[in-house]
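1. With the sequence up front, the predicted model follows.
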Amino acid sequence: MSHLTRFIPQRIRGKHIDLKAWRHMDHAALRRLLERLLTYAVFLIIIIFVIKLVPKIWADVEAGDPWLVALAVPFEILSVVGYVLLFWAVYGAAAHMLSQGSDTPARPLSLKESMQLTTSRLALGDTLPGGGATGFAVQFWALARAGFNAAQISRTTTAFLILSNTVTTVMIMLLGVFIGAGIVGGDLHPALTWIPAAIAAAVVVVILLFARKGKTSVPHAEDSQEGLTGRFAKTRTLIREIGDRLPPGAYDAIRTLRRPVAVGGMLANPGFDFVAFYLGIASVTEPIALPVMLMAYFIGQVGSLVPLPGGIGGVQGLAIAVLVAGGMEVHNATAGVLVWTGVALGTQIVWGTWQYWFLRKSIKKWQAEDEAQAGTPAPAAGT
């Protein structure tokens with residue numbers, strides 16, 4: 001049986017059809033097939049390009065300064081600490097921030113529990129297929145065990161994602177304007193300055209408008225919303241969900257900024273990570289203008305939205321592209337970014353794998369507390 005048979009509707013399988021069978025293929029299935037072929041072709045081109053550069057890249061890494069690489073490790077640790085503090089500032093205050101009357105009361109997470117959950121998510125997102133999506137699935141599972149219901153998870157996660165990407169968005173906006181206008185050093189094409197700055201500015205405006213709306217908005221109950229049908233039903237449903245969930249989360253994000261620990265974590269996470277990024281580049285080659293290095297780092301962070309393990313490919317590809325556009329040799333930029341990636345992933349995986357076992361113990365403790373409050377004895381260990 002031909003592999004193309006599965007793309008032919010059931011109603012005409014086995015019947016005599018003309019040689020132009022592709023005309024009978026479902027349009028959605030055909031589109032997925034073409035997208036897959038295009039993806040494979042792009043990856044093949046990238047692999048061929050990288051293979052040609054491998055000897056130069058490896059030579060740059062071998063000739064690098066190991067002391068600068070070692071110095072990057074503590075800064076990467078401090079970056080993760082900043083991420084943990086931001087997470088704690090959001091979810092630790094969740095019970096006080098969320099609207100009252102929820103079916104399941106949220107349990108504020110302690111700093112230790114926040115560290116366990118955050119580092120575990122980072123480690124699993126770095127190692128498992130699906131990347132950040134897998135890590136967030138584990139986070140949602142743990143939050144549900146901690147007593148957060150679906151609406152609370154949606155709202156607090158929205159606030160956390162907004163805060164964790166705020167510095168990146170603002171820096172892209174400012175650097176794009178400063179570099180594009182020649183206020184600071186660095187020479188980049190307008191496509192890497194003014195256009196990203198305009199997009200970032202639009203994102204900031206949208207978030208602020210949503211936050212203003214979220215002060216008074218109340219999400220609709222799930223059972224009160226009728227399912228949408230017709231053309232683009234999935235897209236319209238997604239837009240409705242965003243419009244329903246984003247305003248309260250954006251409003252919570254603004255309120256969380258009143259907590260100094262949130263601001264500190266929000267600045268420390270990308271700040272210390274950039275220092276590690278800079279040291280990774282400096283270990284193999286001479287860094288270029290600081291504004292361009294900053295722009296490369298922050299535009300690279302946009303690649304973390306790609307659902308790949310650790311964002312590998314998206315983050316690195318964008319960062320390398322900006323560095324090369326700023327005048328750095330391709331093999332030098334690739335080697336430096338790979339050194340930084342190794343330090344970052346190594347730190348997150350080792351720390352997160354260690355903390356994952358403590359997270360499991362915390363989840364068992366939460367379950368025991370809930371069962372005790374409900375008057376149901378907790379099951380004995382090992383049963």
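-> Happy to help now that I have it.
2. Quick one: mean pLDDT over the helix or strand hosting Leu68.
-> If you go by DSSP states H and E, Leu68 is part of helix 66-91. Helix 66-91 carries an average pLDDT of 93.
3. buried set for it?
-> 68-69, 71-72, 75-91 (16 or more other Cβ atoms under 10 Å). Placement of C-beta: from N, CA and C, glycine included.
4. Ok, stretch 167-181 next?
-> Buried, per 16+ other Cβ under 10 Å, within stretch 167-181: 167-169, 171-180.
5. got CSV for those residues, with distance to Ser283 too?
-> Formatted as CSV, these follow (distance: Cβ to Cβ, whole Å):
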residue, distance to Ser283
Val167, 24
Thr168, 24
Thr169, 29
Met171, 23
Ile172, 25
Met173, 30
Leu174, 27
Leu175, 23
Gly176, 28
Val177, 31
Phe178, 27
Ile179, 25
Gly180, 30
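6. The residues you listed in strands, which ones?
-> The strands, defined by DSSP state E, take in nothing from the buried residues of stretch 167-181.
7. of the residues you listed, closest to Glu286?
-> For the buried residues of stretch 167-181, the residue nearest Glu286 by Cβ to Cβ is Ile179; the value is 19.3 Å.
8. now the closest one: how far from Leu68?
-> With distances taken as Cβ to Cβ, to the nearest Å, Ile179 is found 26 Å from Leu68.
9. Then Ser283?
-> 4 Å.
10. With Leu267 instead?
-> For Leu267, the distance to Leu68 - Cβ to Cβ - is 23 Å.
11. Same question for Pro291.
-> Using Cβ to Cβ, Pro291 is found at 21 Å from Leu68.
12. Would you mark the buried spots in stretch 355-375?
-> Here stretch 355-375 shows Gln355, Tyr356, Phe358, Leu359, Ser362, Ile363, Trp366, Asp370 as buried, counting by 16+ other Cβ under 10 Å.
13. of all those residues, which two lie farthest apart?
-> Top of the distance list for the buried residues of stretch 355-375 (Cβ to Cβ): Gln355 and Asp370, 22.2 Å.
14. by contact count, what packs against whichever strand or helix holds Val261?
-> Following DSSP H and E, one finds Val261 within helix 260-282. On a contact count with 3 or more Cβ pairs under 8 Å, 6 or more residues apart in numbering; DSSP states H and E, helix 260-282 meets helix 66-91, helix 150-164, helix 166-180, helix 290-302, helix 330-373.
15. Next, the buried residues of the following helix or strand past the third one.
-> In other words, helix 166-180. Per DSSP H and E, the first helix or strand lying C-terminal to helix 166-180 is helix 194-214. The neighbour-count check on helix 194-214 (16+ other Cβ under 10 Å) flags Trp194, Pro196, Ala197, Ala200, Ala201, Val203, Ile207, Phe210, Ala211, Gly214 as buried.
16. List the contacts of helix 194-214.
-> With Cβ atoms under 8 Å, 6 or more residues apart in numbering as the test, helix 194-214 has contacts from 162, 169-170, 172-177, 180, 246-254, 299.
17. ditto for stretch 71-85
-> 111, 114-115, 118-119, 122, 164, 261-262, 264-273, 275-276, 279-280, 283, 339-340, 343-344, 347-348, 351.
18. Low-confidence regions, the stretch 251-383 of the chain specifically.
-> 305-313, 374-383 (pLDDT under 70).
19. again, only this time at 50
-> Within the stretch 251-383 of the chain, the segments meeting pLDDT under 50 span 310, 378, 381-383.
20. by how many degrees do the helix holding Leu68 and helix 166-180 diverge?
-> Angle, helix 66-91 to helix 166-180, by axes from the mean of the first three to the mean of the last three Cα atoms, to 10 degrees: 120 degrees.
21. Next, give phi and psi for Phe148.
-> Dihedral angles of Phe148 (phi, psi; degrees, to the nearest 10) stand at phi -80, psi 130.
22. what's stretch 261-277 in contact with?
-> Taking Cβ under 8 Å, 6+ apart as the rule, stretch 261-277 contacts 72-73, 75-76, 78-90, 163-164, 166-168, 171, 256-257, 293-294, 297-298, 301, 319, 337, 340, 343-344.
23. Distance of Lys361 relative to Lys112?
-> Distance, Lys361 to Lys112, by Cβ to Cβ: 11 Å.
24. now swap in Ala368 and tell me
-> Distance of Ala368 to Lys112, computed by Cβ to Cβ: 17 Å.
25. can you give me the helices in the stretch 1-150 of the chain?
-> For the stretch 1-150 of the chain, the helices defined by DSSP state H, counting those that start in this stretch cover 27-62, 66-91, 94-97, 111-127, 132-145, 150-164.
26. hey, which of the ones you listed is tucked in deepest?
-> Greatest average neighbour count among those goes to helix 111-127 (a mean of 23), per mean count of other Cβ atoms under 10 Å.
27. Tell me which residues are up against that helix.
-> Under Cβ under 8 Å, 6+ apart, the answer for helix 111-127 is 80, 83-85, 87-88, 91-92, 109, 131-136, 138-139, 142-143, 146, 309-310, 345, 348-349, 351-356, 358-359, 362.
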